[in-house]
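# just the structure for this:
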Amino acid sequence: MDRVDLRSGRHLLGRNLRGLRLARGWTQDDLAAEAGVRQALISELECGKVDVRLDTLQRIALALGARLSELFEDGKR
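Numbers count the residues shown, from 1 in each chain. Below you'll find the model as predicted:
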(Lines give C-alpha, C1' and ligand atoms only; values in the text may rest on other atoms or scores of the structure.)
Protein backbone atom coordinates (compact mmCIF):
# COMPACT_ATOMS: atom_id res chain seq x y z
CA MET A 1 0.00 0.00 0.00
CA ASP A 2 1.30 3.46 -0.92
CA ARG A 3 1.97 5.91 1.85
CA VAL A 4 0.23 9.24 1.66
CA ASP A 5 2.29 12.35 2.32
CA LEU A 6 -0.18 14.55 4.15
CA ARG A 7 2.04 17.61 3.87
CA SER A 8 2.08 17.47 0.08
CA GLY A 9 -1.69 16.87 0.11
CA ARG A 10 -2.17 19.93 2.27
CA HIS A 11 0.07 21.95 -0.03
CA LEU A 12 -1.88 20.84 -3.10
CA LEU A 13 -5.19 21.64 -1.41
CA GLY A 14 -3.93 25.06 -0.35
CA ARG A 15 -2.61 25.92 -3.80
CA ASN A 16 -5.81 24.84 -5.55
CA LEU A 17 -8.06 26.52 -3.01
CA ARG A 18 -6.20 29.80 -3.39
CA GLY A 19 -6.25 29.55 -7.18
CA LEU A 20 -9.99 28.87 -7.31
CA ARG A 21 -10.67 31.70 -4.87
CA LEU A 22 -8.56 34.21 -6.76
CA ALA A 23 -10.04 33.13 -10.11
CA ARG A 24 -13.38 34.32 -8.74
CA GLY A 25 -11.90 37.58 -7.51
CA TRP A 26 -12.71 36.71 -3.90
CA THR A 27 -10.88 37.57 -0.72
CA GLN A 28 -10.47 35.00 2.04
CA ASP A 29 -13.24 36.85 3.87
CA ASP A 30 -15.54 36.48 0.86
CA LEU A 31 -14.97 32.73 0.64
CA ALA A 32 -15.32 32.27 4.38
CA ALA A 33 -18.66 34.08 4.36
CA GLU A 34 -19.97 32.05 1.40
CA ALA A 35 -18.86 28.74 2.95
CA GLY A 36 -19.89 29.58 6.51
CA VAL A 37 -16.42 29.12 8.00
CA ARG A 38 -13.90 31.38 9.72
CA GLN A 39 -11.52 33.44 7.57
CA ALA A 40 -8.67 32.08 9.65
CA LEU A 41 -9.53 28.56 8.49
CA ILE A 42 -9.30 29.60 4.84
CA SER A 43 -5.91 31.17 5.55
CA GLU A 44 -4.65 28.09 7.40
CA LEU A 45 -5.85 25.80 4.61
CA GLU A 46 -4.20 27.89 1.92
CA CYS A 47 -0.94 27.77 3.89
CA GLY A 48 -1.21 24.00 4.36
CA LYS A 49 -1.19 24.30 8.14
CA VAL A 50 -4.31 22.35 9.14
CA ASP A 51 -6.41 19.32 8.36
CA VAL A 52 -10.11 19.82 7.82
CA ARG A 53 -13.25 17.71 7.93
CA LEU A 54 -14.68 16.43 4.67
CA ASP A 55 -18.02 18.16 5.22
CA THR A 56 -16.22 21.48 5.63
CA LEU A 57 -14.30 20.92 2.40
CA GLN A 58 -17.56 20.12 0.67
CA ARG A 59 -19.04 23.43 1.84
CA ILE A 60 -15.97 25.30 0.61
CA ALA A 61 -16.07 23.56 -2.78
CA LEU A 62 -19.79 24.29 -3.11
CA ALA A 63 -19.21 27.95 -2.28
CA LEU A 64 -16.58 28.07 -5.03
CA GLY A 65 -18.84 26.31 -7.51
CA ALA A 66 -16.21 23.58 -7.79
CA ARG A 67 -16.18 19.81 -7.50
CA LEU A 68 -14.56 18.52 -4.33
CA SER A 69 -12.02 16.66 -6.48
CA GLU A 70 -10.85 19.97 -7.99
CA LEU A 71 -9.38 20.89 -4.61
CA PHE A 72 -6.96 17.96 -4.93
CA GLU A 73 -6.17 17.86 -8.65
CA ASP A 74 -2.52 17.98 -9.55
CA GLY A 75 -1.95 20.25 -12.52
CA LYS A 76 1.17 18.30 -13.54
CA ARG A 77 -0.82 15.85 -15.65
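# so where do the strands sit in this protein?
Using DSSP state E, no strands are found in the chain.
# show me the shaky parts of it.
Applying pLDDT under 70 to the chain flags the ranges 1-7, 76-77.
# quick check, central residue of it?
L17 (3.7 Å; C-alpha atoms, centre = their mean).
# quick one: residues contacting that residue.
Contact analysis of L17 by C-beta atoms under 8 Å, 6 or more residues apart in numbering lists 42, 45-46, 60, 64, 71. To be clear about C-beta, it is placed using only N, CA and C from the backbone, and glycine gets the same treatment.
# L31 and I60 touch, don't they?
Yes - between L31 and I60 there is a contact under C-beta atoms under 8 Å: 7.0 Å.
# please identify every residue contacting each of these two.
With C-beta under 8 Å, 6+ apart, L31 and I60 have common neighbours I42.
# buried ones in the longest helix belonging to the chain, by neighbour count?
What stands out as the longest helix in the chain, according to DSSP state H, is helix 6-23. Of all the residues in helix 6-23, those buried under the rule 16 or more other C-beta atoms under 10 Å are 10, 12-14, 16-18, 20-21.
# show me what contacts V37?
With contact taken as C-beta under 8 Å, 6+ apart, V37 is in contact with 56, 59-60.
# if I look at it, how far off is D55?
V37 sits 11 Å away from D55, going by C-beta to C-beta, to the nearest Å.
# and L22, by the same measure?
For L22, the distance to D55 - C-beta to C-beta - is 24 Å.
# appreciated, that's everything.
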